[in-house]
Structures are given as structure tokens and as C-alpha cells.
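Asks: Structure for the following, please:
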Amino acid sequence: MKKNLLFCAACALIVALGSCTNDVLDEVLDDSQPTEEPTRSTNDTRWLHAYVLCEGTWKAGNASIPGYLIKYDSLWNEISRTQVGDTGNALIKYGSKLYCAVSGNGLTADNGGIRVFNAGTGTALTSLIQYDDPKSGHKIMPRHLAAHGGKVYISLYSGAVMSIDTLVYAKQNSLALAATYSEGICVANDQVYVCNSGNVSDTSAGSGNTISVLPLDLSEEDQLTIVSNPKLIKQAPDGTIYFNALGNYTTESSALYKLTTTGYSQITDQVGGFGIGSDAVYTADIDWMSMDYDTHLKKVTFAGVVSQFNVSTLPDFMFGYSVSVNPYNGDVCIGQSMGQDLNIFKSDGTGPTHTIETGVANVNSVVFAN
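Replies: Residues are numbered from 1 along each chain as shown. Have a look, this model is predicted:
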């Protein structure tokens with residue numbers, strides 16, 4: 001009997017260790033990939049599932065609609081949908097898991113956190129995990145995510161950054177930044193980059209003009225001074241780090257930039273959101289000054305050649321907001337602001353080939369899995 005018990009205990013330990021090992025191996029295999037969204041070059045078009053994160057409506061009182069994670073098959077038939085909470089603000093795949101940032105409805109609302117899902121099945125692995133904010137004194141209000149070296153890095157709207165491990169999701173490191181509002185985040189060249197849309201003395205978002213640069217342990221902060229209101233930051237497969245800034249909404253236009261050895265340089269204007277493919281950056285912007293709120297869609301090669309999407313007519317009131325790129329076939333997915341549509345274009349800018357009605361407002365991002 002004792003031998004049987006010892007044998008069963010040994011088997012249980014092996015299973016547990018095997019589970020952890022699989023997670024670690026998944027993370028090691030993914031560690032060389034860009035971490036905000038997959039952008040690897042591949043000819044494999046056999047993707048099986050697409051996960052679409054919709055933010056829902058924010059601060060609409062009793063009329064608020066929560067965010068949803070919606071799973072589709074490769075023919076864009078809906079398989080399932082899961083309510084994630086108040087404002088789903090970011091989604092990444094790392095290893096065998098999906099990580100979702102749920103912002104909540106304010107810095108002091110205490111209803112933000114992180115949710116984790118199985119990337120193969122879409123099933124929830126956790127409920128909402130909440131963490132203490134290192135700066136605000138409340139629970140975190142996460143904005144964007146990146147992953148590297150077995151950790152998920154999280155930018156916080158309080159003007160801070162933190163990391164968690166990917167096995168038990170425990171808080172690892174954190175730092176209060178010299179900023180008021182922090183947005184996009186990426187990991188590149190063994191450093192963490194965080195866009196700050198507000199500076200220390202700001203009373204509202206949009207006045208910030210810095211990018212924080214930190215070591216992987218988040219132990220200290222340097223800052224790059226850039227243009228007003230940086231939003232997203234991502235690394236391309238060729239190593240270039242791109243970011244966009246929203247300007248001041250009046251005299252300063254939104255634009256796409258890249259970091260250089262001496263600072264930064266502008267590539268093109270009218271860039272409210274962007275995604276990166278295997279050989280180009282794809283951008284979207286809404287012209288709020290036009291009568292029809294025109295959407296501007298562009299393709300920017302890594303050599304800097306800028307072209308408009310190759311379409312004669314875009315959908316009325318498209319409100320192009322978010323940009324995600326399918327790493328398996330290069331399709332470009334444009335999410336709608338204030339609406340439910342996900343419009344899908346080919347990598348050459350033709351389309352849309354599909355328009356998916358998600359049923360939930362503010363299409364934030366799309367992650368693909370095979």
C-alpha cells in the first residue's frame with residue numbers, strides 16, 4: 001500500500017512538473033516574437049481561431065456595455081463570447097495563453113485587472129485578477145500589455161508600470177513613473193518602453209511628451225522627450241521601434257514616428273492607431289474635422305514608402321480605430337470606434353473582404369491562433 005501511495009504521489013508530481021514545463025517551453029518558444037501582437041513572417045495560412053476583444057462602452061452609467069472576448073473560426077463564424085469586464089483595453093497571446101487587460105471605469109473605481117484565457121480553447125483560466133497599484137493607492141487600471149522572458153508587462157493609467165509572472169500570475173516588479181498617464185508598452189533590446197500621455201503636473205491626458213525606458217526588472221527609469229500625447233509603441237521584425245502620437249486634437253495632427261539613434265523621426269501623419277505586419281506598418285485614423293468623419297488607411301513599408309489603401313470606397317462611417325495584422329496570411333483587421341464592425345483587408349490594401357458585426361462597441365484588437 002505504501003509503495004502504491006508513493007507511486008501515485010510521484011506520478012502526480014510528474015504531471016504537475018510537466019504542466020509547468022509546458023508553460024515555460026511555450027514562453028521560451030514565443031520569447032523571440034514581438035510581444036504586443038504577433039507579426040512574424042510566415043506563409044502558413046492555416047489559422048484556426050481569431051479572438052476579437054471589444055471594449056464595450058465606458059462610463060455610460062446604467063447604459064454601459066461590458067467588454068467581450070469573442071472567438072471565431074477561420075471562416076469568421078462565431079464560436080463563443082465571454083464577458084471580460086468593464087472596458088477590455090488590450091489583448092496579447094503569449095505561449096499557450098491569452099492575457100486581457102480590463103481597465104475598469106476609472107483610476108479609483110477598483111474594478112480593473114487582468115484576465116487569462118486558454119489560447120487554444122478560449123476558456124477562462126482565471127477570473128479578474130486585481131493588483132495594488134504602486135502609485136494610486138487603488139487597484140490597477142491596466143492599459144496595455146507586452147510579454148518577455150516569462151513575464152507580462154503592464155502599463156498603468158496611474159503613470160506606473162508593473163510585471164507579473166506567467167505561471168501563477170504573481171506581481172513581480174513595479175515602478176511609479178515620472179508621468180501622470182501611461183499608455184502603450186513594448187519590450188525591445190532587453191528594455192521596456194512605456195508611452196506617457198500625461199506628465200507629472202498634467203491634470204488631463206494628452207499633454208505628456210515622454211517615453212519611459214526601463215530595464216527588465218523595472219528598477220529605474222530614463223525618459224525620452226518626444227512629441228505630445230504618445231499612445232502606442234511596437235517593435236517591427238526588423239528591430240525598428242515605431243510609436244504614434246495623437247497630438248493636441250487641434251493644431252497638432254496624429255502621426256507615426258520611429259525611434260532613431262539620435263531621437264525620433266516622423267514618417268506620416270493621420271495615425272490614430274497602427275499594427276505591424278511582416279514587411280509593413282498599417283495605420284488608421286479618423287478625420288474628426290470632416291463632415292463624414294472620413295477614415296484614412298495607409299500602408300507604410302519598412303523602407304518608409306507610404307501609400308493609401310487600394311480601395312475606391314470605404315464603408316460609410318467606418319470610424320477606423322484599431323489595427324491588427326493576421327500573422328498567418330497578412331490580412332489587416334480594422335476595428336470600429338463607437339461601432340461594432342471589424343473590417344478585414346488584404347495586405348495589399350484591397351477590400352474589405354469581410355465585415356464582421358461583433359455586436360459590441362469599440363473593436364479593440366484581434367489575436368490569431370492555430
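
Asks: How many residues are close by the closest residue to residue 202 other than its chain neighbours?
Replies: In this structure, residue 202 finds its nearest non-sequential neighbour in residue 180, 4.6 Å apart by Cβ to Cβ, 6 or more residues apart in numbering. For the C-beta atoms, the positions are set from N, CA and C on the backbone; glycine is no exception. Neighbour count for residue 180, taken as other Cβ atoms under 10 Å: 21.

Asks: gap between residue 180 and residue 313?
Replies: With distances taken as Cβ to Cβ, to the nearest Å, residue 180 is found 41 Å from residue 313.

Asks: Nearest residue to the middle of this protein?
Replies: Central residue check for the chain by Cα atoms, centre = their mean: the C-alpha nearest the mean position is that of residue 90, 4.2 Å away.

Asks: Name the SS class of that residue, please.
Replies: strand (DSSP: H, G, I helix; E, B strand; the rest coil).

Asks: before we move on, what about the one 3 residues further on?
Replies: The three-state label for residue 93, taken from three-state DSSP, comes out as strand.

Asks: Make sure it is actually in contact with residue 367.
Replies: Yes - with contact defined as Cβ atoms under 8 Å, residue 93 and residue 367 form a contacting pair (4.9 Å).

Asks: circling back: tell me the contacts of the residue nearest to the centre of the chain?
Replies: The contact partners of residue 90, by Cβ atoms under 8 Å, 6 or more residues apart in numbering, come to 53, 100-101, 142-145, 364-365.

Asks: among the residues you listed, which ones are buried?
Replies: Of the members of those, the ones counted as buried by neighbours, 16 or more other Cβ atoms under 10 Å, are 53, 100-101, 142-145, 364-365.

Asks: Can you add pLDDT and give these back as CSV?
Replies: Supplementary listing: the buried ones among the contacts of residue 90 in CSV, determined by pLDDT from 0 to 100:
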residue, pLDDT
53, 98
100, 98
101, 98
142, 98
143, 97
144, 98
145, 98
364, 97
365, 97
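
Asks: which among these gets closest to residue 348?
Replies: Sorting these by how near they are to residue 348, with Cβ to Cβ, puts residue 365 at the top with 22.2 Å.

Asks: now the helix or strand where the closest one lies: how far from the chain's centre is it?
Replies: With elements taken from DSSP states H and E, the one containing residue 365 is strand 363-369. For strand 363-369, the distance from its own C-alpha centre to the chain's C-alpha centre is 9 Å (Cα atoms, centre = their mean, to the nearest Å).

Asks: Stretch 163-171 too?
Replies: Averaging C-alpha coordinates over stretch 163-171 and over its chain gives two centres that are 18 Å apart (Cα atoms, centre = their mean).

Asks: From one end of that stretch to the other, what's the distance?
Replies: The distance separating the two terminal residues of stretch 163-171, taken as Cα to Cα, to the nearest Å, comes to 6 Å.

Asks: next one: stretch 257-273
Replies: End-to-end distance for stretch 257-273, by Cα to Cα: 12 Å.

Asks: that older thread, which secondary structure element is home to the residue nearest to the residue nearest to the centre of the chain when sequence neighbours are not counted?
Replies: Ranked by Cβ to Cβ, 6+ apart and with sequence neighbours excluded, the top spatial neighbour of residue 90 is residue 101, at 4.0 Å. With the criterion set as DSSP H and E, the secondary-structure element containing residue 101 is strand 97-102.

Asks: Given that strand, what are its sheet partners and their directions?
Replies: Its sheet considered, strand 97-102 pairs with strand 88-94 (antiparallel), strand 113-118 (antiparallel) by DSSP bridges.

Asks: Any chance of a markdown table for the ones you listed, columns mean pLDDT and distance to residue 107?
Replies: Compiled in a markdown table, the strands paired with strand 97-102 are given as follows (pLDDT from 0 to 100; distance: least, Cβ to Cβ, whole Å):
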| stretch | mean pLDDT | distance to residue 107 |
| --- | --- | --- |
| strand 88-94 | 97 | 13 |
| strand 113-118 | 98 | 14 |
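
Asks: which one of these is the most hemmed in?
Replies: Compared across the strands paired with strand 97-102, strand 88-94 shows the largest average neighbour count, a mean of 24 (mean count of other Cβ atoms under 10 Å).

Asks: Quick one: work out the angle between that one and strand 363-369.
Replies: 10 degrees (axes from the mean of the first three to the mean of the last three Cα atoms, to 10 degrees).

Asks: Could you verify my assumption that residue 170 touches residue 152?
Replies: No - counting by Cβ under 8 Å, residue 170 does not reach residue 152; the two are 11.2 Å apart.

Asks: Have a look at these two and say which one is more surrounded.
Replies: Under the neighbour definition other Cβ under 10 Å, residue 170 and residue 152 were set side by side, and residue 152 has more, 25 against 11.
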